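Colleague: need coordinates for the following:
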Amino acid sequence: MSERNIKLTIEYEGTNYSGWQSQQNASTIQDKITEAIASVTGQRVNLIGAGRTDTGVHALGQVANFNIEHNIETERFRDAINYYLPDDIRIVESVQVDDEFHARFDAKFRRYRYLVGLKPTAIYRTQRWFQKSLDRDILSKAAEIIKGEHDFKVFCILASRKEDNRCIIEHSQWCQIGPLLVYEIRGNRFLHSMVRSLVGAMVNIARTDKDLNPQNLTLDRLRDILDAPGEERVVFTAPAHGLYLVSVGY
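Modeller: Numbering: from 1, shown residues only. As a prediction, the model looks like this:
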């Protein structure tokens, strides 16, 4: 029996978890799946995730991989692991990949989605951010400004800044679907809290009630910040519960 590298595609509702990454004294997605794999195989594996989603963030297509020597058929890992998982975490697919595959370092792009609800709801309040009186035209213009290669350090948590904070954003667009405003963004990499900070900034620019935009952020200022970022963080962070990791490309 030889060791195999197993790739998982995962969806989860992040409401009840302290994000993806394992932490002491906290319930995380990574720990729940690792524990489920141990229940199936009797082995404790090193589960590598493609993205470290924050507390409350959801996923439709998170990707992870682990190495294991076990006789269970690859495609059966999905159902076997799901048996031991809570209902808010699901393995969508399990496949065998090359030994060298690494869910995080081999990723070519990540795609995120943010949902803004235009009317209050009792049912979906943990899956979207309620806002009112947003200017759709301004949101669309702001999304266009974000496209391209920029230094996004002002949209990153200070303690998480890297030596190189440049990201290439290939797609950035708002659309409306019924009572929802949906923001889609795809890029080669994302900094910690970057998507939520960008959404928060765009929403503040687009609010028709300017009293809710205390720093007077404008489209021109957003463009200037991306062209020549300073050190001060742009502190308009949208709540986590509206964010989804949609897919990871390889």
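
Colleague: could you chop the protein up by domain?
Modeller: Split into domains by automatic domain parsing, the chain comes to 4-97, 109-249.

Colleague: averaging pLDDT over each of these, which comes out lowest?
Modeller: Lowest mean pLDDT within these: domain 109-249, a mean of 90.

Colleague: next, the distance between the ends of that domain.
Modeller: 5 Å (CA to CA, to the nearest Å).

Colleague: looking at this, Thr53 is in a helix?
Modeller: No: Thr53: not assigned to a helix; according to DSSP: H, G, I helix; E, B strand; the rest coil it is coil.

Colleague: and the closest residue in space to it that isn't next to it in sequence, how close does it get to Arg76?
Modeller: Excluding the flanking residues, the one nearest Thr53 by CB to CB, 6 or more residues apart in numbering is Trp20, at 4.6 Å. To be clear about C-beta, it is placed using only N, CA and C from the backbone, and glycine gets the same treatment. Relative to Arg76, Trp20 is positioned 24 Å away (CB to CB, to the nearest Å).

Colleague: so which of the two has more stuff around it?
Modeller: Set side by side, Trp20 and Arg76 show more neighbours around Trp20, with 27 against 11, by other CB atoms under 10 Å.

Colleague: the helices in the protein, which residues?
Modeller: 29-41, 76-83, 136-146, 194-206, 219-227 (DSSP state H).

Colleague: who are the packing partners of the first one?
Modeller: Contacting helix 29-41 under the criterion 3 or more CB pairs under 8 Å, 6 or more residues apart in numbering; DSSP states H and E are the following elements: strand 4-12, strand 58-68, helix 76-83, strand 89-97.

Colleague: cool, the shortest one as well?
Modeller: In this structure, helix 76-83 makes packing contacts with strand 4-12, helix 29-41, strand 89-97, judged by 3+ CB pairs under 8 Å, 6+ apart.

Colleague: go on, the third one?
Modeller: Contacts of helix 136-146 with other secondary structure elements, assessed using 3+ CB pairs under 8 Å, 6+ apart, are made with strand 166-177, strand 180-187, helix 194-206, helix 219-227.

Colleague: got the contact list for the last one?
Modeller: This means helix 219-227. 138, 141-142, 145-146, 150-152, 154, 201-202, 205, 234 (CB atoms under 8 Å, 6 or more residues apart in numbering).

Colleague: now do the first one
Modeller: Strand 166-177 is contacted by residues 109, 111, 136, 139-140, 143-144, 146-152, 181-191, 194, 202 when judged by CB under 8 Å, 6+ apart.

Colleague: run a quick neighbour tally on Asp224.
Modeller: Neighbours of Asp224 (other CB under 10 Å): 13.

Colleague: distance of it from Ser197?
Modeller: Taking CB to CB as the measure, Asp224 falls 16 Å from Ser197.

Colleague: thought Ile138 was touching Ile205?
Modeller: Yes: at 5.8 Å, Ile138 and Ile205 qualify as touching, with contact defined as CB atoms under 8 Å.

Colleague: tabulate the domains of the chain in CSV, adding columns for distance to Ala103.
Modeller: Output for these, formatted as CSV (distance: least, CB to CB, whole Å):
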stretch, distance to Ala103
domain 4-97, 4
domain 109-249, 7
